[in-house]
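[1] What follows is a predicted protein model with its sequence.
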Amino acid sequence: GENVEQHPSTLSVQEGDSAVIKCTYSDSASNYFPWYKQELGKGPQLIIDIRSNVGEKKDQRIAVTLNKTAKHFSLHITETQPEDSAVYFCAASKSSYQKVTFGIGTKLQVIP
Amino acid sequence: DAGITQSPRHKVTETGTPVTLRCHQTENHRYMYWYRQDPGHGLRLIHYSYGVKDTDKGEVSDGYSVSRSKTEDFLLTLESATSSQTSVYFCAITQDGDEAFFGQGTRLTVV
């Protein structure tokens, strides 16, 4: 089955700096890569996703890049703010509604 | 917020007892999922459903069963709870091709 590795497990950045979280996957058939943000005491919430026919996608301060050849994808958050502090999960699946395999999560702390 | 409700939100139970967690949605989404979240493991799929009475196993299904008799309800049952099933359980829903929405979670402690 699919295996998704995520790093780092924790990340601290100064407010205004950029944060990068990286993930690799094992199943070359995976073609859907969502990113979720989980705030304390809440369920994960989708923040951005990318499909295999796209190399990069941006939404305001958030961007995701995908390298299918190397089987890795990354989340980039620019101009970080304290409200970006949360746990971020990457995931992979063969479609947006089939079984999704998650990474172990990255706890991001943005220091004011 | 998507209309998805988990109950109970917190539960403490004794080893060996059966436990049922409920996920209720008002979105009429076809797909429903149960995940467990544990430190160092992220979110792992227990079971999922692709329609009424249609369910399938995920990667950590041993010791769990599910039922879906109505579109809006997806039940997760721990047949005989063990301490290793102490976890936070999340339900998620999705429609064809749409994003997945997660519930608020149920914190289960087995003592």
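    Received, thanks. Numbering: from 1, shown residues only, chains lettered A, B, ... in the order given.
[2] count of neighbours near residue A:110?
    20 (other C-beta atoms under 10 Å in any protein chain shown). Heads up, the C-betas are built off the backbone N, CA and C, glycines and all.
[3] Look up which residues are beta-bridged to it.
    residue A:13 (DSSP bridges).
[4] For chain B, what's the nearest residue on chain A?
    The nearest approach of chain A to chain B comes at residue A:43, 3.2 Å away (C-beta to the nearest C-beta).
[5] That residue touches residue B:103, doesn't it?
    Yes - if you go by C-beta atoms under 8 Å, residue A:43 and residue B:103 touch, sitting 5.4 Å apart.
[6] what's the overlap in contacts for those two?
    When contacts are counted by C-beta atoms under 8 Å, 6 or more residues apart in numbering or on different chains, residue A:43 and residue B:103 are jointly contacted by B:90, B:92.
[7] What sits closest to the residue of chain A closest to chain B if chain neighbours are left out?
    Counting by C-beta to C-beta, 6 or more residues apart in numbering or on different chains, the nearest residue to residue A:43 once its immediate chain neighbours are dropped is residue B:102, at 3.2 Å.
[8] Please name the bridge partners of the one you found.
    residue B:92.
[9] Please give me every residue in contact with it.
    Residue B:102 touches A:36, A:43, A:44, A:45, B:4, B:90, B:91, B:92, counting by C-beta under 8 Å, 6+ apart.
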